[in-house]
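Asks: What follows is a predicted protein model with its sequence.
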Amino acid sequence: MKIAVICGGFSNEAEISIKSGKNALNAIEQLGYECKIFDPKYCDLYQMKIDYNPDLCFILLHGEYGEDGRIQGYLDYLDLKYTFSSVNSSALAINKYISKIIAKTCDIDIIQDNYLTLDQILNGEIDISPPFIIKPNFGGSSIDNIIIENEKDFIKIKTQLGHREKNEYFIVEKFINGYDISTAILKYKDKYLIGSMAILPNNINNFCDFAAKYEENLKFIMPTPLDNGRIKSIEDKLINFYKKIDCNNIVRIDLRYDSLNDKIYFMEINNIPGYTEKSWIFKIMQFYHGLNINNITQMIIEEVCGKL
């Protein structure tokens, strides 16, 4: 069986994507499969099919082009099997605004927000008072997420987001004091393996920004500090959300615990989560289900291609 790991790509998450791809390649080779890495930034995937003709494409493109349904649509056109979610599911999942609306229909609380272009933000059309967080509607790894604590911080919008397109959409979300909870869901043989982890960054806002995520400036707590019944309730709702969006294989869903009001809010879903050695999905699945990256990779391959 031949597997093509597709990683890298054109988004601002390409560097992380390459690390994910190399880690997956190592796991796939340890499982005994033939495997090669292909980066669509440097190779033609149509030519890949002609020359390599993989039995499975293991997609690890993070961000736009990888998680938004476009690569999935092209692989459908090429009649190639691939991992993770479908075209429609990917398009829904990457859109923070839409995915929040769907989460609400699953009885999951969402944070007060505005859905605005950068131009509208710069023109002062935000109707949420500080503190709030501004983040791109499409994209992950907390890239270009900024916290506005007071009016003096408004200068950050121009200085830190000035490189983005004026017509690009952003979510402006009320900042919630508390901490993040990350939940991983792995679908395998009609079962949903799930677990949750509290994440405490070592910064003033308890916020998982890019630096905190990738400089290991975090404290992980499993099980979470919340009682089992509370976690079980939100996890059941998240499985329903996973089904409603029609996800596949493994996803990571990020939540925010409001310590002042004792509420749990949905933030976003990552339908192609990080696959590096330090990725949170592996910590969670190892703790709750005793699964390592090789186990998870084999389960993903079997779920797409059938028992091998």
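Replies: Structure's in. What do you need? Numbers count the residues shown, from 1 in each chain.
Asks: Now do the buried residues in stretch 276-291.
Replies: Thr276, Ser279, Trp280, Ile281, Phe282, Lys283, Ile284, Met285, Gln286, Phe287, Tyr288, Leu291 (16 or more other CB atoms under 10 Å). No exception for glycine: its C-beta is placed from N, CA and C like everyone else's.
Asks: Greatest separation within the residues you listed: which pair is it?
Replies: Maximum pairwise distance among those (CB to CB): 19.6 Å, between Thr276 and Tyr288.
Asks: Helix or strand: which one has the residue lying closest to Lys219 once chain neighbours are set aside?
Replies: Setting aside the residues directly before and after it, Lys219 is nearest to Leu200 in space (CB to CB, 6 or more residues apart in numbering), at 4.2 Å. Assigned by DSSP states H and E, Leu200 belongs to strand 191-201.
Asks: List the buried residues in that strand.
Replies: Under 16+ other CB under 10 Å, the buried positions of strand 191-201 are Leu193, Ile194, Gly195, Ser196, Met197, Ala198, Ile199, Pro201.
Asks: Check stretch 244-256 too.
Replies: For stretch 244-256, by 16+ other CB under 10 Å, it's Ile245, Cys247, Asn248, Asn249, Ile250, Val251, Arg252, Ile253, Asp254, Leu255, Arg256.
Asks: Pipe the residues you listed into a markdown table and attach pLDDT per row.
Replies: Listed next are the buried residues of stretch 244-256 as a markdown table, based on pLDDT from 0 to 100:
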| residue | pLDDT |
| --- | --- |
| Ile245 | 96 |
| Cys247 | 96 |
| Asn248 | 96 |
| Asn249 | 97 |
| Ile250 | 98 |
| Val251 | 98 |
| Arg252 | 97 |
| Ile253 | 97 |
| Asp254 | 96 |
| Leu255 | 97 |
| Arg256 | 95 |
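Asks: Out of those, list just those in strands.
Replies: Ile250, Val251, Arg252, Ile253, Asp254, Leu255, Arg256 (DSSP state E).
Asks: now, among the residues you listed, which is nearest to Lys152?
Replies: Arg256 (24.4 Å).
Asks: Contacts only, for that closest one.
Replies: By CB atoms under 8 Å, 6 or more residues apart in numbering, the residues touching Arg256 are Ile111, Ile176, Gly178, Tyr179, Asp180, Ile181, Ile264, Tyr265, Met267.
Asks: was I right about Ile194 contacting Lys187?
Replies: No. Here Ile194 lies out of contact with Lys187, judged by CB atoms under 8 Å, at a distance of 9.8 Å.
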